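Q: Give me the fold of what follows.
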Amino acid sequence: MKILVTGGSGFIGRTVVSDLLAHNFAVRVLDKTREGLTEIKDPSLELIQGGIEDPEKVQEAVTGVEVIFHLAETFSANPYEVLDIDIRGNLNLLKAATEHGVKHFLFASTHRVYGRPRYLPIDEEHPLHPEESGRALYATAKLANEKLCLIYFQEHNLPVTIFRFWWSFAHKIGGKVLRSMIDTALRGEPIIVPEQAGGNFLHNDDAALAFRKATLNSLAYGETFNISSGTFTSWVELAELVLEVTDSSSRLELIPKGERGEEPIMGTDHSIYYECNLDISKAERLMGYKPRYDPQDIKGLLREAIKDLVLTRKKGMSKNTRSNPKK
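A: Sure, this is the predicted structure:
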C-alpha cells in the first residue's frame with residue numbers, strides 16, 4: 001500500500017514517515033522542503049517537492065496512492081496565507097482524493113478548536129469555540145478544514161478521520177513559551193507560570209501509532225479523535241523540570257487559577273492558562289489505540305528533550321554575547 005504524507009518533512013511528519021517505512025508501507029511525501037528525509041535511503045520512500053496550494057503538484061502526489069495523511073500546515077498569522085495555503089490546499093487534496101479513489105483521508109487538527117474548556121476531561125463532544133484560542137486564526141482554519149473533510153465524507157463518500165491533539169514532542173521539543181522559560185531560568189530570574197494549567201503531551205511515536213491504527217479502519221471513518229500520550233503535565237511541572245535541568249537559582253512564582261498575568265514568559269497566548277486535559281477513551285475504544293509510554297516514561301522523555309533545548313538556548317546566548325560584547 002502506498003501512503004501520501006503531506007508535510008512529511010515536518011516535526012511530526014518525519015516520525016510518521018519513518019514509522020510507515022518500518023512497517024513496510026510505500027511512502028510518498030509532498031512538502032516544500034526535503035530537510036530531514038534526504039538521509040533516508042529507502043527505495044520505498046518517494047519525495048515530491050511542492051506545496052498543497054499547487055493543484056498540479058497535488059494531482060501528481062495523489063496519483064496512485066491509497067491513503068493520505070494530511071499533516072501540512074503553515075501556522076501562519078497572516079489570514080491570506082491561511083486561506084490560500086491551508087484551506088485551499090486542503091480542498092485541493094480532498095478534491096484530488098475523490099477523483100483518484102483514495103480509500104482513506106486522515107487529517108491532523110488541533111485541541112485549539114475547543115477554545116476555553118467547559119468541562120474536564122475534554123471529549124470529542126465538547127463545544128467548539130476556536131475564537132477563544134490564543135491562536136484563533138489557526139484554530140478557526142483547522143475547524144473549517146475539519147468541516148470540509150466531513151463534507152467530503154458525507155457528500156462524496158470519501159472516508160475521513162480527524163485527530164486533535166495538544167503539544168507534540170520527541171527527542172526535541174519546541175514552543176515559544178518553553179524557550180522563554182529556559183532563557184529566564186538561565187538568567188536566574190523568577191519563572192512565573194499558571195497554578196493550574198497544562199495539557200496532555202503527544203509523543204511523536206504515539207502520533208505515528210494513532211495514524212497507523214486508524215488507517216483503513218472502518219470504525220474510524222467519519223470520526224474525530226482526541227489523541228495524546230495519556231499523561232497530563234502542568235506548566236508547574238514543566239517549570240520544575242526546567243529548573244532541575246538548568247540547575248537555576250530562579251524561584252517559581254504561581255499565577256492563581258482563574259487569573260491571567262501579562263508575564264513575558266507566557267506571552268499573549270491565553271490558551272496557556274487553560275487546563276487542556278483530553279479524553280482519549282474514544283480512540284482507545286474504536287481504534288485500539290494505547291499510548292506507548294507511562295507517566296514516568298513521559299517525564300523522563302520530556303526531561304531529555306528539555307536538556308537538548310537548554311543546550312541549544314545556551315549556545316544561542318553565548319553566540320549573542322560574543323556578537324555583542326560590552327564596550
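
Q: List the contacts of the residue positioned nearest the centre of the chain.
A: What sits nearest the mean C-alpha location of the chain, by CA atoms, centre = their mean, is S168, with 5.0 Å. Contacts for S168 were tallied using CB atoms under 8 Å, 6 or more residues apart in numbering; they are F11, I12, F201, L202, H203, N204, A207. To be clear about C-beta, it is placed using only N, CA and C from the backbone, and glycine gets the same treatment.

Q: Would you agree it falls within a helix?
A: No: under the criterion used here (DSSP: H, G, I helix; E, B strand; the rest coil), S168 is strand, not part of a helix.

Q: in what helix or strand does the closest residue to it other than its chain neighbours lie?
A: Counting by CB to CB, 6 or more residues apart in numbering, S168 lies nearest to L202, which is 4.7 Å off, once chain neighbours are set aside. Using DSSP states H and E, L202 maps to strand 198-203.

Q: could you give the angle of the helix or strand that comes right after that strand to strand 198-203?
A: Using DSSP H and E, the next helix or strand after strand 198-203 towards the C-terminus is helix 204-214. Angle, helix 204-214 to strand 198-203, by axes from the mean of the first three to the mean of the last three CA atoms, to 10 degrees: 70 degrees.

Q: What mean pLDDT does helix 204-214 get?
A: Averaging pLDDT along helix 204-214 gives 98.

Q: residue boundaries of the strands in the stretch 51-200 of the chain?
A: Under the criterion DSSP state E, counting those that start in this stretch, strands of the stretch 51-200 of the chain are mapped to 67-70, 104-108, 160-164, 167-169, 191-194, 198-203.

Q: What strands flank the first one, and is each parallel or antiparallel?
A: Spelled out, it's strand 67-70. Strand 67-70 pairs in its sheet with strand 2-6 (parallel), strand 104-108 (parallel), by DSSP bridges.

Q: buried sites along the first one?
A: When you say that, I think you mean strand 2-6. I3, L4, V5, T6 (16 or more other CB atoms under 10 Å).

Q: okay, the residues you listed in TSV with distance to I182 and pLDDT next?
A: As requested, these are exported to TSV (distance: CB to CB, whole Å; pLDDT from 0 to 100):
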residue	distance to I182	pLDDT
I3	36	98
L4	36	98
V5	31	98
T6	31	98
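
Q: biggest separation within these, which pair?
A: I3 and T6 (10.7 Å; CB to CB).

Q: residues near the closest residue to L278 other than its chain neighbours, how many?
A: Leaving aside its chain neighbours, L278 sits nearest to N226 (4.2 Å; criterion: CB to CB, 6+ apart). Using other CB atoms under 10 Å, N226 has 27 other residues around it.

Q: in terms of contact, does D279 touch I122 like I think?
A: Yes: taking CB atoms under 8 Å as the definition, D279 is a contact partner of I122 at 6.1 Å.

Q: Of the two, which one has the most company?
A: Counted by other CB under 10 Å, D279 and I122 do not tie: I122 has more neighbours, with 23 against 17.

Q: What confidence value was assigned to that one?
A: So, for I122, pLDDT stands at 98.

Q: Now for T161: which residues touch it?
A: Applying CB under 8 Å, 6+ apart, we find T161 in contact with H104, F105, L106, F107, A214, A220, Y221, G222, E223, T224, F225.

Q: ok, now with 10 Å
A: 69, 104-107, 149, 153, 210-211, 214-215, 217, 219-225, 286-287 (CB atoms under 10 Å, 6 or more residues apart in numbering).

Q: Just confirm S133 contacts T140, I think it does.
A: Yes: with contact defined as CB atoms under 10 Å, S133 reaches T140; the gap is 8.1 Å.
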